[in-house]
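Chemist: Dropping the sequence and predicted coords here.
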Amino acid sequence: MSEQLPITSAALNQLLEQPPYALPQVQKNALLDPALRELTEHHRQHCLPYRNILAAYADQNPTAPGRLPFLPVRLFKQLQLCSVPEAEVFKVLTSSGTTGQVPSRIYLDRATAQLQTRVLVKIMQDFLGKARLPMLIVDHPGVIKDRSSFSARGAGILGMQTFGHAQTYLLDDDYRINFPALEEFAEKFAGGPILLFGFTFMVWQYLIRALEEAGRQITLPSGILVHSGGWKKLQDQAVDNQSFKQRLRQATGIGRVHNFYGMVEQVGSVFVECEAGVLHAPGFADVLIRDPFDWSECPIGADGLIEVVSLLPRSYPGQRLLTEDRGRLLGEDDCPCGRKGRTFAVHGRLPKAELRGCSDTHAQQQGGAA
């Protein structure tokens, strides 16, 4: 077996040394493309199922030598895709899935987990600053205590705890707002910014709707909400991103909201919504839109399937993944927020695609009552 690839390539080291949105797209491509080829070769050598996939792809595409294939994200439910020896597996992450569905299994060694954490910190600090903020978690504490539920939702909470202190859970174990704890938290930290984190449906159902139904409000005008997860259940209730923000402001006074798009198959490579309301690809990752009829790249403004690219997956071949989400590129190096790179929007799941966002699967398991 050949020598293991170093945890960071020269290109990734260059990207780690600068702000995550500093490079114009052309310069970013010059670093990403060779690094992705290096990473693909590493996984070809160290993951037999991936090697077989590449061989089959080459046989079927003899006129496109050197083209880097993407993996349908669903393959992580069907195959054991791991590029490190079993003894080096530090953690296995599982995707959120409804009862009876086979979850994705993502194998991390310590070096990959550390790299993902390092990059997540760089990305989130660009939006939140470097100071740790008092943190209100829109969930219950059992979500990280119960190992059986420690999936993408638990991992997301633990990852975001890096950016907060005085962590307080909004809910009790019965998913009811702990009003005494909430009021104590709000009173104690009323004079400065605070960080709220939760998955999208959890924020909607157990913060916004719960306050509305109780006829109560809380005043957190300096709050910053970071949320992520599926929008399927909210769209079924005719709740879009704009109305979500409007109802949040009415219930809590919070006006600063950063949604982010990400998945357990590429932990760390999150795509955060900026002040202008669009999602950004950071320097360590990228996004493409594929035409579902011929898999060609779609131009800016055209709808298609989202492909996500990342330099972070070193212990498993997750560097190029075709999702089951529809989206559209919005621009390149032209966002009014000043961040460089591609911007995009997510339009939802493919018809009949299984629910897989942390919010959506929780909503289905709980019955999704509004």
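Modeler: That came in fine, so what should we check first? Numbering: from 1, shown residues only.
Chemist: how many other residues sit next to A181?
Modeler: Around A181 there are 15 other residues, counting by other C-beta atoms under 10 Å. Every residue, glycine included, has its C-beta placed from N, CA and C.
Chemist: Quick check: it touching T168?
Modeler: Yes - with contact defined as C-beta atoms under 8 Å, A181 reaches T168; the gap is 5.8 Å.
Chemist: low pLDDT regions in this protein?
Modeler: Applying pLDDT under 70 to the predicted model, the residue ranges of the chain that meet it are 1-8, 62-66, 96-100, 145-152, 230-238, 352-370.
Chemist: how about the strands in it?
Modeler: For the chain, applying DSSP state E gives strands covering 71-72, 91-94, 105-108, 133-137, 164-169, 194-199, 223-228, 256-261, 271-273, 279-280, 285-290, 303-310, 320-332, 342-349.
Chemist: Which among the ones you listed is found nearest to I157?
Modeler: Across the strands of the chain, I157 has its closest neighbour in strand 133-137 (6.1 Å, C-beta to C-beta).
Chemist: which neighbours does the closest one have in its sheet, and in what orientation?
Modeler: For strand 133-137, the paired strands and their directions (DSSP bridges) are strand 164-169 (parallel), strand 194-199 (parallel).
Chemist: so can I have TSV of the ones you listed showing mean neighbour count and distance to I177?
Modeler: Written out in TSV, the entries for the strands paired with strand 133-137 read as follows (neighbours: other C-beta atoms under 10 Å; distance: least, C-beta to C-beta, whole Å):
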stretch	mean neighbour count	distance to I177
strand 164-169	16	10
strand 194-199	25	12
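Chemist: Those strands: which one's closest to L93?
Modeler: For the strands paired with strand 133-137, the distance to L93 is smallest for strand 194-199, at 15.4 Å, taking C-beta to C-beta.
Chemist: just to revisit the earlier point, of the strands of the chain, which approaches A35 most closely?
Modeler: Comparing the strands of the chain by their distance to A35 (C-beta to C-beta), the top pick is strand 303-310, with 10.2 Å.
Chemist: Can you check what angle separates the closest one from strand 256-261?
Modeler: For strand 303-310 against strand 256-261, the angle between stretch directions is 90 degrees (axes from the mean of the first three to the mean of the last three C-alpha atoms, to 10 degrees).
Chemist: neighbouring contacts of strand 303-310?
Modeler: Strand 303-310 is contacted by residues 32, 36, 70, 263, 266, 268-269, 271, 284-292, 298, 318-328, 344, 346-347, 350 when judged by C-beta atoms under 8 Å, 6 or more residues apart in numbering.
Chemist: what would the strands of the chain look like in CSV with distance to Q18?
Modeler: As requested, the strands of the chain are arranged in CSV below (distance: least, C-beta to C-beta, whole Å):
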stretch, distance to Q18
strand 71-72, 29
strand 91-94, 28
strand 105-108, 25
strand 133-137, 24
strand 164-169, 25
strand 194-199, 25
strand 223-228, 23
strand 256-261, 21
strand 271-273, 17
strand 279-280, 15
strand 285-290, 15
strand 303-310, 17
strand 320-332, 18
strand 342-349, 17
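Chemist: Okay, the residue nearest to K91 when sequence neighbours are not counted and E86: tell me how far apart.
Modeler: In this structure, K91 finds its nearest non-sequential neighbour in L108, 4.7 Å apart by C-beta to C-beta, 6 or more residues apart in numbering. When C-beta to C-beta, to the nearest Å is applied, the distance between L108 and E86 equals 13 Å.
Chemist: just R37 next, same as before
Modeler: For R37, the distance to E86 (C-beta to C-beta) stands at 27 Å.
Chemist: Compare those two and say which is more crowded by neighbours.
Modeler: Of the pair R37 and E86, R37 is the one with more neighbours under other C-beta under 10 Å, namely 13 against 8.
Chemist: wait, isn't the more buried one in contact with R67?
Modeler: No - R37 is beyond contact range of R67, at 10.5 Å (criterion: C-beta under 8 Å).
Chemist: Now that K91 has come up, it's in contact with T112, right?
Modeler: No - checked against C-beta under 8 Å, the pair K91 and T112 is beyond contact range at 9.3 Å.
Chemist: before we move on, the earlier item: put together JSON lines for the strands paired with strand 133-137, with distance to K77 on each row.
Modeler: Below are those laid out as JSON lines (distance: least, C-beta to C-beta, whole Å):
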{"stretch": "strand 164-169", "distance to K77": "30"}
{"stretch": "strand 194-199", "distance to K77": "21"}
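Chemist: neighbours around the residue lying closest to A35 once chain neighbours are set aside, how many?
Modeler: If the residues on either side of it in the chain are set aside, A35 comes closest to A11, at 3.7 Å by C-beta to C-beta, 6+ apart. Around A11 there are 20 other residues, counting by other C-beta under 10 Å.
Chemist: How about P141?
Modeler: As a burial measure, P141 scores 15 neighbours (other C-beta under 10 Å).
Chemist: Can you name the residues that contact the nearest residue to it once chain neighbours are set aside?
Modeler: Closest residue to P141 in three dimensions, ignoring its sequence neighbours and counting by C-beta to C-beta, 6+ apart: Y169, at 4.8 Å. Y169 is in contact with 137, 139-141, 178, 181, counting by C-beta under 8 Å, 6+ apart.
Chemist: got the residue ranges for the helices in the stretch 1-150 of the chain?
Modeler: With DSSP state H, counting those that start in this stretch applied, the stretch 1-150 of the chain shows helices at 10-16, 25-46, 48-60, 75-78, 110-128, 142-145, listed in chain order.
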